[in-house]
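Peer 1: Test case, fold it:
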Amino acid sequence: MNNINKNRLFIASCIALIVTAMTFAIRAGILSQLGNDFQLSDTELGWINSMAFLGFPIATIFGGLVYNSLGARKLMIIAFVSHILGLVLTVFAGGFWSLLISTFFIGFANGSVEAACNPLIADMYTDNRTTMLNKFHVWFPGGIVIGALASKFMTDFEMGWQIQIAIMLIPTLLYGILFFGQKFPKNENIVSDTKVNIKSLLSPLFIFMVVCMTLTATTELGTQQWVEKILGNSGASPMLILAMVTGLMAVGRYFAGPIIHKLNPPGVLLMSAIISTIAIFMMSSATGGMVYVAAILFAIGVCYFWPTMIGFVSEYIPKTGALGMSLIGGAGMFATSIWQPVIGSWLDNAKAVALESGAALEQAELLAGQETLGNIALFPLALILLFGILFTQRKKLEVDRV
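Peer 2: The predicted structure follows:
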């Protein structure tokens, strides 16, 4: 990899991921403003959210299939253009349908970042892939911290949601400048035969991990995307909770190496499922200061899910190549897109029942959030069983890496 500035490419990739994360955080922070300005129900807001999660897997499927021919550079150009287009269209959105379209473009941009950067980093750092992928994915929670604090600050100072969306153009331009004119590696350390990649997707282990990814992603992102609606009346600040959770996740991912080495990926995933289940059940009944305690546990629980799943596929099913890494992320986002309007309907229905029973509006919203969290807790509960099975097979997995 002579003449390739790995450090600059890695930094640019991290900034692109920060933009991806900020879109999630700021959208979570402005949901109430969007609902009020355009008279949207929680179910309609759920459909808007779902477009970000739907655009993502479409981009990762496309990016995974063409990565071997287009390479990371061209995929990042697609990501950059889509980010600019999606953010600008959102600023000038006039209602439900325009928000759907603009949010889809943002989701497509986010998916293109993942489709390009995960195999790019795996190719550049072949000797410590899972560790470097965790360090790269530090900047998803890191970006959410930035976005959550920016959204809270701007909302507290009565700045409109349009300005909050527009500030994301700054880091978007920055990562575009850093990538511009750089030389990229040419798939030297990942399997780049598309036919072999596609055939390897039929591995029972890969299919098993896809199923697990749909649950890990919904556990993490399904909760985070609705934090303002779910915890808005719990006695804790939702955006401070989001910033605290994602800040802890960033620290955990940065120091992931020793933990992954000690427990190995299946052990890390099982531990994460157990802690996530306990944390979400705690949040479903906590109020006031106990919400922060439950949120700390939640951060520890979901911290390693996403990067360890991608690292697992890269290390244990390497013949899937860039396509496997893209599709595992795409599966997670696709599942999350499906569950977004469902989560919104859970909130609407539970609130309606509470209001009919005579609860005040704030109490009804609190009860709706708690009931919704109870439903979400079933996802990591299922993962305890699935990752428990994976953990019992860990020695065989080490011997039978395909």
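Peer 1: List the contacts of I275.
Peer 2: Taking CB atoms under 8 Å, 6 or more residues apart in numbering, we find I275 in contact with 297, 300-301. Using the backbone N, CA and C atoms, a C-beta is placed for each residue, glycine as well.
Peer 1: One more: P265?
Peer 2: Contact analysis of P265 by CB under 8 Å, 6+ apart lists 130, 308, 311-312, 315-316.
Peer 1: again with G147
Peer 2: Residues near G147 by CB under 8 Å, 6+ apart: 21-26, 29, 168.
Peer 1: make it 10 Å
Peer 2: Shown in contact with G147 (CB atoms under 10 Å, 6 or more residues apart in numbering): 18-29, 164, 167-168, 239, 242-243, 246.
Peer 1: Now it: closest residue in space, sequence neighbours ignored.
Peer 2: A25 (2.9 Å; CB to CB, 6 or more residues apart in numbering).
Peer 1: where's that neighbour, which helix or strand?
Peer 2: A25 is located in helix 6-38, with elements delineated by DSSP states H and E.
Peer 1: likewise I343?
Peer 2: helix 321-356.
Peer 1: SS state for F62?
Peer 2: helix (DSSP: H, G, I helix; E, B strand; the rest coil).
Peer 1: quick one: it and S326 touch, right?
Peer 2: Yes: if you go by CB atoms under 10 Å, F62 and S326 touch, sitting 8.6 Å apart.
Peer 1: Could you tell me which residues touch both of those two?
Peer 2: Residues touching both F62 and S326 (CB under 10 Å, 6+ apart): 75, 111-112, 115.
Peer 1: quick revisit: buried set for the helix holding A25?
Peer 2: Using 16 or more other CB atoms under 10 Å as the burial criterion, the residues of helix 6-38 that qualify are 9-35, 38.
Peer 1: Quick one: the helices in the stretch 51-200 of the chain, in order.
Peer 2: Secondary structure of the stretch 51-200 of the chain by DSSP state H, counting those that start in this stretch: the helices cover 96-124, 129-136, 139-156, 161-166, 169-179, 194-200.
Peer 1: so can I have a markdown table of these showing mean pLDDT and distance to D42?
Peer 2: Below are the helices of the stretch 51-200 of the chain laid out as a markdown table (pLDDT from 0 to 100; distance: least, CB to CB, whole Å):
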| stretch | mean pLDDT | distance to D42 |
| --- | --- | --- |
| helix 96-124 | 92 | 13 |
| helix 129-136 | 82 | 33 |
| helix 139-156 | 86 | 19 |
| helix 161-166 | 93 | 17 |
| helix 169-179 | 96 | 28 |
| helix 194-200 | 89 | 39 |
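Peer 1: Identify the residues contacting A273.
Peer 2: 212, 215-216, 219, 301-302, 305, 379-388, 391.
Peer 1: quick one: the residue lying farthest from the centre of the chain from S314, how far?
Peer 2: Relative to the centre of the chain, the most outlying C-alpha is that of G358, 37.3 Å out, by CA atoms, centre = their mean. As judged by CB to CB, to the nearest Å, G358 and S314 stand 54 Å apart.
Peer 1: Who wins on neighbours among the contacts of I275?
Peer 2: G301 (24 neighbours; other CB atoms under 10 Å).
Peer 1: where does this structure dip in pLDDT?
Peer 2: 1-2, 187-189, 225, 228-229, 232, 236, 399-402 (pLDDT under 70).
Peer 1: related to what we said a few turns ago, so how far is the helix holding A25 from its chain's centroid?
Peer 2: On the basis of CA atoms, centre = their mean, to the nearest Å, helix 6-38 sits 10 Å off its chain's mean C-alpha point.
Peer 1: repeat for stretch 261-281
Peer 2: That offset, for stretch 261-281, works out to 17 Å (CA atoms, centre = their mean).
Peer 1: In that stretch, which of the residues would be classed as buried?
Peer 2: For stretch 261-281, by 16+ other CB under 10 Å, it's 263-281.
Peer 1: what does stretch 371-388 give?
Peer 2: 371-377, 379-381, 383, 386-387.
Peer 1: May I ask you to confirm that N49 is in contact with Q340?
Peer 2: Yes: between N49 and Q340 there is a contact at 4.3 Å, judged by CB under 10 Å.
Peer 1: so who does M159 touch?
Peer 2: M159 sits next to 150-151, 153, 167 when contact means CB under 10 Å, 6+ apart.
Peer 1: who wins for most neighbours among those residues?
Peer 2: Highest neighbour count within those: S151, with 26 neighbours (other CB under 10 Å).
Peer 1: Can you name the residues that contact that one?
Peer 2: When contacts are counted by CB under 10 Å, 6+ apart, S151 touches 22, 25-30, 33, 159, 161, 164, 167, 228, 239, 242-243.
Peer 1: Fine, thanks again, bye for now.
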